[in-house]
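>>> compute the structure for the input listed below.
(2 chains)
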Amino acid sequence: MLSFIARRVASGVVLVLTISVIAFLLLYAGGGDIARRLLGEDATPETVAQKAHELGLDQPLIAQFANWVAGVLHGDFGTSWFTSQPVSDAILSRLSVTLSLVFGATVLIAIVSVVLGVLAATRRGWLDAAVQVLSLVGTAIPAFLIATGLVLVFAINLRWFTPTGYVQFAASPSGWLASVTLPVVALSLGGIAAVTQQIRGSMVDSLRHDYVRTLESRGLNRRTIVLQHVLRNAAGPGLAVLGVHFVGLLGGAVIIEQIFAIPGMGQVAVTATSQGDIPLVMGLVIATAILVVILNLLVDLAQGWLNPKVRLS
Amino acid sequence: MFNFRKRLAAAIAAAAIAAIALSGCSGSAAGGGADGAAAGDGTLTIGTIVASTTFAANNAPWANESPYLQAVYDTLLHADPDGTVQPWLATDWSYNDDDTVLTMTLRDDVSFTDGTKFDASAAAQNLLRFRDGTSPQKGYLATLADAKALDATTLELTLSAPNPSLLSFLTQNPGLQQSPATFGAADEKTNPVGSGPYILDKGATVVGSTYVFTKNPDYWAPEQQHYAKLVMNVYTTPTAILNAIKGGQINGAPLTDNSMISQIEAAQYTSNGQQLNFFGLLLFDRDGSIAPELADVRVRQAINYAFDRDAMLTAIGQGYGDVTSSIFSPDSSGYDEDADQYYSYDPEKAKDLLAEAGYDDGDITLTMPTSSGFTPATYALTKQYLEDVGISVEEVNVAPTSFLGDLLAAKYASTVMQLKAAPTTWETLTLDLLPSAGWNPFHTEDATVAELASTIQSGSEDEAAAAAKELNRYIVEQAWFAPFYRPQQTYATDAHTSVETQTGNAYPYLWNFTPED
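Down below sits the predicted model:
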């Protein structure tokens, strides 16, 4: 087990390194004149050159990358060129915001899709058909459309929630809940659709197996059979899809954060990338890569817990 | 047999009840309007479209970041909404005979929030640091040779050449006063110390998205503090601004798109309009370096006659704005009604001029760089009007990240662009017309412009004003540009807030936001 984790961590490090190199090159390829963009159209060419020199943009690519790596190894991720905030501060403060959205969505997806998937698989009939249709619709409609619709109905017309902004949990738990409910719902609908289908499918499949009949003949009631035995067997594929979706949620959060003006990693990623705020983008790339590596590891471990057959020992 | 259905229904009902119960608490989350009973007790919540890049006064930008800086810093002088310069930290001033030495008398009763006294030495240091810093407007103090404190309340500025806009500049970022004790501090860019009406609340601020300021209790001009707290939220997309307005979350915000006006007015918001910029064709290559045809004034004039400006305003600007043939703002000394409406829509005249210059239908191909900053309709219309008079257009798509840089590097002979219509004539000269101007990328020189510029720079007020109008007429007749219209810039305010827009600035000045009940 430990050697498995160690191997995964090592490959994770290599992955993060490779991604940083690629990201750095891409940023420079698409960079354009960052100093000019920072200072705007009225600045004189001399000012722009002075700013470029200050930011190190007039040095060769390798030198800039080497400087950045040297800083990172000392724990210094640099300062945002467009907000003057230390990159590590910027990312850490926004990480908790995005993670609360993404974890909230994951939990919601997990609960709702298990409920719907089990219902659809055990009850069949019209309920099954309804769940399948809803899943199809949920997968087809893009998240931003749903988000815009939710804002219009629930925030602007009904005034149940706030249309933009984020309240820290520490500042006001009820305010926090009011500000994350719509974004989390918008974020999870696509995932619910996909994972529900997956769970329904594997449940239907598992219910056909012989052991179910055996357990019934032993006198166990239906509820125990479904929840304690069949679900555990069927959950594996569902968990895998959920794991893939979690990574997708990080990307979906970008759009949702823009629409709801939530100060998360997604929003700052879009702004920083379009502005060419290299230190911040590199920091975000590393943070996201590490997050995904950790997540994949956790999903693998969870699969092992669920299904002894894939455990490593 | 467990009844899952009942459980599910119960869960959904519980969640619905909880949501309804929570909605009662949601109102407090995002901050309401100016809800204080007495004036000066409420909160002003406004939207901005960019985060603060830096609070360090020597590198400070202005325009859309002016509210951040005005909250915490004072400037040497203040400007009225129409641009008239008023005393502020400097109470009196006078130039010497040739306008190269400005002597200013400063207040002696102002201190920064860290206790440091504001005096002429602090002012001199701030000016020199701005001149040597990396602010986008650093060029405003390019002619500042030296700044000295003659005594605690007397400041002397020595200029290498007269600067007719200097006093106006001192009402903006070059005039910002930061506490000298914080010069070079490690957190200078994110932790401002000024003498201004508000203090940054670092605990409540989320850098890049929400900036919170609280009233400075020791402020020397309390009559300008209309609120107890300021909240500035950064909205990166027009949708977010619109939703914040429709949800009643903010007292004011700039509209990035005039198509939003009807929607915000439906939400009981007022649209406060002003004209800040001009929009049209910039005909850079007047010397004909890469586009020889543009060296002929008849070709440039033909381009001006080719456009139906009213139709352009309706189609692209939704009718919000004024058509114009000139790049001079109505607020500047160079404004001239005849120059402003010089060109009519006359495609026949355009064709005649082109023929006179020796060009037949299709002889001229204008290369037009296109960017995602302007709508496809803009380029389609521009191309159509030019092709109607026999000028072909070749569109070249430029990445938004390189657009400005490429234009200013003289890669293209002409472009569609929106630029500032500066509130002072001297700024128009230094931004667009002089050989050294950034927006004269080919550095074209002209003897008449140089002569008029000299009068505007060093002449008496009357001589300068006359020369400014003459300059405007000359530039229009020589067709250095083909402006279409001055678009309306709109600032939305809710029913509780009234505001006065500031000439030449994208954002109203902070002290002009007042609660209204």
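
>>> the helices in the stretch 301-450 of chain B, which residues?
Along the stretch 301-450 of chain B, the segments classed as helices by DSSP state H, counting those that start in this stretch run B:309-317, B:337-340, B:347-356, B:376-388, B:400-408, B:425-428, B:447-458.

>>> closest to B:Asp285 out of these?
helix B:400-408 (11.8 Å; CB to CB). Placement of C-beta: from N, CA and C, glycine included.

>>> helices or strands next to the closest one in the packing?
Contact here means 3 or more CB pairs under 8 Å, 6 or more residues apart in numbering or on different chains; DSSP states H and E; on that basis helix B:400-408 packs against helix A:34-39, strand B:364-370.

>>> what kind of secondary structure is the residue lying closest to B:Leu276 once chain neighbours are set aside in?
Setting aside the residues directly before and after it, B:Leu276 is nearest to B:Gln489 in space (CB to CB, 6 or more residues apart in numbering or on different chains), at 4.5 Å. On the three-state scheme (DSSP: H, G, I helix; E, B strand; the rest coil), B:Gln489 is labelled strand.

>>> and B:Gln489, how far is that from chain A?
When distances are taken as CB to the nearest CB, to the nearest Å, B:Gln489 and chain A turn out to be 16 Å apart.

>>> B:Thr43 too?
In this structure, B:Thr43 and chain A are separated by 14 Å, where distance is defined by CB to the nearest CB.

>>> which bits of the stretch 1-150 of chain A sit near chain B?
For the stretch 1-150 of chain A, the contact set with chain B under CB under 8 Å from any CB of the partner chain comprises A:30-34, A:36-47, A:50-51, A:54, A:79-85, A:89-90, A:93, A:115, A:118-119, A:122-123, A:148.

>>> picking that back up, got CSV for the helices and strands packed on helix B:400-408, with mean pLDDT too?
CSV is the format used below for the helices and strands packed on helix B:400-408 (pLDDT from 0 to 100):
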stretch, mean pLDDT
helix A:34-39, 83
strand B:364-370, 93
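
>>> just send these back as JSON lines, with distance to B:Ser271 and mean neighbour count too.
Written out in JSON lines, the entries for those read as follows (distance: least, CB to CB, whole Å; neighbours: other CB atoms under 10 Å in any protein chain shown):
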{"stretch": "helix A:34-39", "distance to B:Ser271": "29", "mean neighbour count": "24"}
{"stretch": "strand B:364-370", "distance to B:Ser271": "29", "mean neighbour count": "19"}
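
>>> between the ones you listed, which one is nearest to B:Ala240?
helix A:34-39 (21.3 Å).

>>> and whatever helix or strand comes next after the closest one, what does it pack onto?
Tracing the chain past helix A:34-39, the next element assigned as helix or strand by DSSP states H and E is helix A:45-54. Helices and strands touching helix A:45-54, by 3+ CB pairs under 8 Å, 6+ apart, are helix A:34-39.

>>> mind exporting the C-alpha coordinates of the helix it packs on to CSV?
Output of helix A:34-39 as CSV, limited to C-alpha atoms (Å, rounded to 0.1, in the frame of the first residue of the first chain):
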residue,chain,number,x,y,z
ILE,A,34,2.1,41.9,-21.4
ALA,A,35,3.8,45.1,-20.2
ARG,A,36,1.7,47.0,-22.7
ARG,A,37,-1.5,45.3,-21.6
LEU,A,38,-0.6,46.1,-18.0
LEU,A,39,-0.1,49.8,-18.6
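
>>> can you tell me the average pLDDT over stretch A:300-309?
For stretch A:300-309, the per-residue pLDDT values average out at 78.

>>> so which bits of that stretch are buried?
When burial is assessed from 16 or more other CB atoms under 10 Å in any protein chain shown, stretch A:300-309 yields the following buried residues: A:Asp300, A:Leu301, A:Ala302, A:Gln303, A:Gly304, A:Leu306.

>>> touching, the last one and A:Ala235? I think so.
Read that as A:Leu306. Yes: at 5.7 Å, A:Leu306 and A:Ala235 qualify as touching, with contact defined as CB atoms under 8 Å.

>>> from the chain's centroid, how far away is the longest helix anywhere in chain A?
As assigned by DSSP state H, the longest helix anywhere in chain A is helix A:87-123. Helix A:87-123 has its average C-alpha position 8 Å from the chain's average C-alpha position, going by CA atoms, centre = their mean, to the nearest Å.

>>> what's the angle from whichever helix or strand comes after that helix to helix A:87-123?
For helix A:87-123, the following helix or strand on the C-terminal side (DSSP H and E) is helix A:125-140. For helix A:125-140 against helix A:87-123, the angle by axes from the mean of the first three to the mean of the last three CA atoms, to 10 degrees is 150 degrees.

>>> what does helix A:125-140 rub up against?
Here helix A:125-140 makes contact (CB atoms under 8 Å, 6 or more residues apart in numbering or on different chains) with A:116-117, A:119-121, A:189-190, A:192-194, A:196-197, A:200.

>>> out of these, which is nearest to chain B?
Of all those, chain B sits closest to A:Leu119, with 6.0 Å by CB to the nearest CB.

>>> what about that closest one, neighbour count?
Counted with other CB atoms under 10 Å in any protein chain shown, the burial measure for A:Leu119 works out to 20 neighbours.

>>> report the separation between A:Leu158 and B:Asp361.
61 Å (CB to CB, to the nearest Å).

>>> so what's the residue count around B:Gln488?
A count of nearby residues for B:Gln488, using other CB under 10 Å, gives 22.

>>> can you pull up the bridge partners for it?
For B:Gln488, the beta-bridge assignment (DSSP bridges) gives partners B:Gln275.

>>> contact partners for residue 282?
Since you didn't name a chain, this refers to chain A. Taking CB under 8 Å, 6+ apart as the criterion, A:Met282 is in contact with A:Ser20, A:Ala23, A:Phe24, A:Leu27, A:Trp68, A:Phe77, A:Gly78, A:Val87.

>>> wait, I meant chain B there
Under the criterion of CB under 8 Å, 6+ apart, the contact partners of B:Leu282 comprise B:Ser414, B:Thr415, B:Val416, B:Met417, B:Leu419, B:Trp439, B:Phe481.
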